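**Student:** Here is a sequence together with a model predicted from it:
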Amino acid sequence: MSQRADIPAGADAPDAGESLVAAAREIATDAGALTLRWFGRRDLGVTWKRDGTEVTEADRAAERLARERIAKEFPGDAVFGEEEGGAIRPGGRTWIVDPIDGTRGFVRGVPLFATLVALVDAHGPLVGVIDLPVLGLTLAAGRGTGCWLGEHRCSVSDHPELNGALINTSSYETFAPDQFAGLRAEGAMMRTWGDAYGYFLVATGQAEAMIDPVCETWDLAPMPVIMSEAGGVFTDFAGRLDYRSRNGIASNGVIHDAVAEVMGAGPRIRGDG
């Protein structure tokens, strides 16, 4: 992009507008609904990718639906997806799609998987959507338009410290022993309500932080705008608003620096909220 995605959007960045957020929400919910045709079935057609993760017919079908809808409604925009690839367009708009975030759980019948859709522009993340198909919940945010769960405007919790804070992650296998021990020593409640559902809980005020030491661009692209519009903070481990760093910390903002310190991560860069 012409402006780094880890730089705050600033006053000159355009708002998303309600119609664009609504379109992204509809694309995500329709793709998510498609995955339910496969959820709970034994004949999922599971294969393994080079990185050792599962992929199913549902992943491919949902991303294909999202791509077709984007091509029809926004033909001038680029698309980057987990299953079919692509690239983020420098200086332009790119839709980023993760058809099933949490495929490993999906193939085992765990109902907390999500369909993720994000739109980024030259100023960074513009729209972010977390759709939870089995739960029937869709969280959507747009720059300058707020973070919404249906008709309810979402906001992060005001819990002030690590002691008693609910902190989620996708897997403790990615933690160094001292990181896990440090959070426990501070009195944090640790749970593996991870993948996008962990971020959903932070944005809706039900948890205080979500930590992803290892992940991918499509896992994180919706999160900066979702957290910002809910009153929280998202950074990578270097303290930047960069969804491309393959790691991330989302929080209610109040405990962000404390979480980052325990994880050995950098402080927030100036202006990150």
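**Tutor:** Received, thanks.

**Student:** List the buried residues of the host helix or strand of Arg60.
**Tutor:** For Arg60, the enclosing helix or strand under DSSP states H and E is helix 57-73. Within helix 57-73, the residues that qualify as buried by neighbour count (16 or more other C-beta atoms under 10 Å) are 57-67, 69-70. Backbone N, C-alpha and C define where each C-beta goes, glycine included.

**Student:** any idea which of those residues is closest to Val233?
**Tutor:** Here the nearest of the buried residues of helix 57-73 to Val233, counting by C-beta to C-beta, is Ala66; it sits at 27.8 Å.

**Student:** List the residues that contact that closest one.
**Tutor:** When the contact criterion is C-beta atoms under 8 Å, 6 or more residues apart in numbering, the partners of Ala66 are Ile27, Ala28, Asp30, Ala31, Val79, Gly81, Trp95, Val97, Pro99, Thr115, Val117.

**Student:** what does Gly266 give?
**Tutor:** With contacts defined as C-beta under 8 Å, 6+ apart, the neighbours of Gly266 are Phe237, Ala238, Gly239, Ala260.

**Student:** now swap in Arg184 and tell me
**Tutor:** Remark: with contacts taken as C-beta under 8 Å, 6+ apart, Arg184 is in contact with Met190.

**Student:** which parts of the host helix or strand of it are buried?
**Tutor:** Using DSSP H and E, Arg184 maps to helix 177-185. Within helix 177-185, the residues that qualify as buried by neighbour count (16+ other C-beta under 10 Å) are Gln179, Phe180, Gly182, Leu183.

**Student:** on that earlier part again, return the subset of the contacts of Ala66 lying in strands.
**Tutor:** Val79, Gly81, Trp95, Val97, Pro99, Thr115, Val117 (DSSP state E).

**Student:** What is the end-to-end distance of stretch 148-156?
**Tutor:** Counting by C-alpha to C-alpha, to the nearest Å, you get 12 Å between the two ends of stretch 148-156.

**Student:** related to what we said a few turns ago, give me the distance between the helix holding Arg184 and the centre of its chain.
**Tutor:** Here helix 177-185 is found 24 Å from its chain centre; the criterion is C-alpha atoms, centre = their mean, to the nearest Å.

**Student:** same deal with stretch 80-94?
**Tutor:** For stretch 80-94, the distance to the chain centre is 16 Å (C-alpha atoms, centre = their mean).

**Student:** Then stretch 214-232?
**Tutor:** When C-alpha coordinates are averaged (C-alpha atoms, centre = their mean), stretch 214-232 and its chain have centres 4 Å apart.

**Student:** Thanks again, I'm all set now.
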